[in-house]
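Chemist: here is a sequence with its predicted model. Questions after.
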Amino acid sequence: MAQAQAQTPQAGTEVPGDAHAADATFPPFATETFAGQLLWLTISFVVLYTLLSRVVLPRLTGIIENRRATIARDLDDAAAMKTRAEEAGAAYEKALAEARGRAQALAQETRGKLAAESDAKRKALEADLNKRLAEAEATIAAKKTDAMSHVRGIAAETAAAIVERLTGKTPAPQAVEAALD
Amino acid sequence: MASPIEQFQVKPIIPIINFTNSSLFMIGAVGLIVGGLLYASRKRALIPGRSQSVAEILHDFVANTLTDTAGREGMKFFPFVFSLFMFVLTANLLGMVPGFFTVTSQIVVTFALALLVIGTVIIYGFVAHGLHFLHLFVPSGVPGWLLPFISVIEIISFLSRPISLSLRLFANMLAGHIALKVFGGFVVSLGTAGVGIALLSPLPLIMAVGLTALEFLVAALQAYVFTVLTCIYLNDALHPGH
């Protein structure tokens, strides 16, 4: 402001001269303008308030609320879809586990059945072999017994033949039998 | 060159209905606000464009200021506070256009707006709370012998509100515009004062550029201050004797 006062003389007569010539009072304090300004301020502000509160603000609030509702709905939808996806995932896991369990059971069963079958076949084969073995042994024993039963006869005949060759006469069968005993 | 206060002169345009340059810029501000906001929100887009974003930011800004100071119930005053904020802001910013009249540099305008705020506070306070509204002047937890003094101070502070509210806006706009005009005048005065002194004339020009930026800040800030104080006073009307 000191600068302003220092410059005033050089600035010529316009600055101080005009201000006092045009209007003696400071314009904002010129009371004769108050009524008109108040009148038009009232008109302007009433119009502004009415238009804003009736038209503009409901529209803006509507836009913002609509967006908020849309976002909330979309978020809900997304959450529901996520839940459904998780449920589907869980169901898939469950189905997979079940299938795996069934496959294992089936494999176990098949393995058991096959093992039992081969076991049975092996047993049947063994039984058959054992039977044949026993039969063979029985045959051998019979043949042996049979053979052994002929030994006495052969011995008697042989003894009779030897005696006959040595003595020239046939010994009595009783005597041969007695000699053999 | 015109005087720095010539810009505040109210000049008649249509004298019969008292229509002046002041009236013109009031109506102009209203037209700009309503037209601008309607234009900005014309598409009602879910994803806002640039102009609609500005309108929504203004809406949310005032709504947040109001609910932060006066709570959810404060929203019943939202159209009023929004109108005040937009009117003061637009009038302030229109004043920044060279040659335009600044409505808010008229004390009668700012005082009328301040009285409107305080009048709303008083009327709503008594209608909503009856005599309980007077608890505003009797703070709780004050010793009995202090109460008369405190009440007097509270009443004085309440009565000074419309004065401080209107003077703050008026003085800020007035002083800023005078300062701008004075520095602008220096540029011309120095430039025509002679060869040597003319070299100094860029200095006030730089100052005027800086002041212009500052004045834009002040224009927006004073509109905000006016709105915040309005919200605080309305909070008193909504919740007296807290």
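Modeler: Alright, I've got the coordinates.
Chemist: do you have the helices of the chain handy? List them.
Modeler: The chain I'm using is chain A. A:2-7, A:14-22, A:34-51, A:57-167, A:173-180 (DSSP state H).
Chemist: wait, chain B was what I had in mind.
Modeler: B:21-40, B:50-70, B:78-95, B:107-129, B:147-191, B:195-198, B:202-238.
Chemist: would you mark the buried spots in the last one?
Modeler: Yep, that's helix B:202-238 we're talking about. Of all the residues in helix B:202-238, those buried under the rule 16 or more other Cβ atoms under 10 Å in any protein chain shown are B:204-205, B:207-208, B:211-212, B:215, B:218-219, B:222-231, B:233-238. C-betas here are computed from N, CA, C, even on glycine.
Chemist: now do it: which elements does it pack against?
Modeler: In terms of contacts (3 or more Cβ pairs under 8 Å, 6 or more residues apart in numbering or on different chains; DSSP states H and E), helix B:202-238 is packed against helix B:50-70, helix B:78-95, helix B:107-129, helix B:147-191.
Chemist: rerun that using 10 Å as the cut-off
Modeler: Helix B:202-238 sits against helix A:2-7, helix B:50-70, helix B:78-95, helix B:107-129, helix B:147-191, with contacts defined as 3 or more Cβ pairs under 10 Å, 6 or more residues apart in numbering or on different chains; DSSP states H and E.
Chemist: run the chain-centre distance for the longest one.
Modeler: Its chain's C-alpha centre lies 11 Å from the corresponding centre of helix B:147-191 when counted by Cα atoms, centre = their mean, to the nearest Å.
Chemist: what's that helix packed up against?
Modeler: Counting contacts by 3+ Cβ pairs under 10 Å, 6+ apart, helix B:147-191 is packed against helix A:2-7, helix A:14-22, helix B:78-95, helix B:107-129, helix B:195-198, helix B:202-238.
Chemist: just the angle for the last one relative to helix B:147-191, thanks.
Modeler: Put simply, helix B:202-238 runs at 160 degrees to helix B:147-191, going by axes from the mean of the first three to the mean of the last three Cα atoms, to 10 degrees.
Chemist: what mean pLDDT does helix B:202-238 get?
Modeler: For helix B:202-238, mean pLDDT is 94.
Chemist: and the angle from that helix to helix B:107-129?
Modeler: Going by the same axes, to 10 degrees, helix B:202-238 makes 20 degrees with helix B:107-129.
Chemist: let's have the helices of chain A in a markdown table, adding distance to chain B, mean pLDDT and mean neighbour count.
Modeler: What follows is the helices of chain A, written out as a markdown table (distance: least, Cβ to the nearest Cβ, whole Å; pLDDT from 0 to 100; neighbours: other Cβ atoms under 10 Å in any protein chain shown):
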| stretch | distance to chain B | mean pLDDT | mean neighbour count |
| --- | --- | --- | --- |
| helix A:2-7 | 6 | 42 | 11 |
| helix A:14-22 | 4 | 44 | 14 |
| helix A:34-51 | 3 | 95 | 18 |
| helix A:57-167 | 5 | 93 | 11 |
| helix A:173-180 | 132 | 78 | 12 |
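Chemist: could these be laid out in TSV, adding distance to B:F137?
Modeler: Formatted as TSV, those follow (distance: least, Cβ to Cβ, whole Å):
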stretch	distance to B:F137
helix A:2-7	45
helix A:14-22	44
helix A:34-51	29
helix A:57-167	34
helix A:173-180	160
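Chemist: between those, which one is closest to B:S164.
Modeler: helix A:34-51 (19.8 Å; Cβ to Cβ).
Chemist: from the chain's centroid, how far away is that closest one?
Modeler: 73 Å.
Chemist: let me have the helices and strands packed on helix B:202-238 in JSON lines, extended by distance to A:P173.
Modeler: Output for the helices and strands packed on helix B:202-238, formatted as JSON lines (distance: least, Cβ to Cβ, whole Å):
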{"stretch": "helix A:2-7", "distance to A:P173": "181"}
{"stretch": "helix B:50-70", "distance to A:P173": "145"}
{"stretch": "helix B:78-95", "distance to A:P173": "152"}
{"stretch": "helix B:107-129", "distance to A:P173": "158"}
{"stretch": "helix B:147-191", "distance to A:P173": "166"}
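Chemist: packing partners for the lowest-mean-pLDDT helix or strand in chain B?
Modeler: The weakest-scoring helix or strand in chain B, judged by mean pLDDT, DSSP states H and E, is helix B:195-198 (a mean of 83). Contacts defined by 3+ Cβ pairs under 10 Å, 6+ apart place helix B:195-198 against helix B:147-191.
Chemist: could I get the average pLDDT for the helix it packs on?
Modeler: On average, helix B:147-191 scores 92.
Chemist: check stretch B:67-84 too.
Modeler: 94.
Chemist: pull out the buried residues from that stretch.
Modeler: B:T69, B:A70, B:G74, B:F77, B:F78, B:P79, B:F80, B:V81, B:F82, B:S83, B:L84.
Chemist: which ones, among the residues you listed, also lie beside chain A?
Modeler: B:F78, B:P79, B:F80, B:F82, B:S83, B:L84 (Cβ under 10 Å from any Cβ of the partner chain).
Chemist: of all the residues you listed, which comes closest to A:V47?
Modeler: Closest to A:V47, out of all of those and judged by Cβ to Cβ, is B:S83, at 9.9 Å.
Chemist: residues in contact with the closest one?
Modeler: Contact partners of B:S83, counting by Cβ atoms under 10 Å, 6 or more residues apart in numbering or on different chains, are A:45-53, A:56-57, B:30, B:33, B:62.
Chemist: output these as JSON lines; include the columns distance to A:A103.
Modeler: Shown next, in JSON lines, are the contacts of B:S83 (distance: Cβ to Cβ, whole Å):
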{"residue": "A:F45", "distance to A:A103": "82"}
{"residue": "A:V46", "distance to A:A103": "83"}
{"residue": "A:V47", "distance to A:A103": "81"}
{"residue": "A:L48", "distance to A:A103": "78"}
{"residue": "A:Y49", "distance to A:A103": "78"}
{"residue": "A:T50", "distance to A:A103": "78"}
{"residue": "A:L51", "distance to A:A103": "75"}
{"residue": "A:L52", "distance to A:A103": "73"}
{"residue": "A:S53", "distance to A:A103": "73"}
{"residue": "A:V56", "distance to A:A103": "70"}
{"residue": "A:L57", "distance to A:A103": "68"}
{"residue": "B:V30", "distance to A:A103": "80"}
{"residue": "B:I33", "distance to A:A103": "75"}
{"residue": "B:V62", "distance to A:A103": "68"}
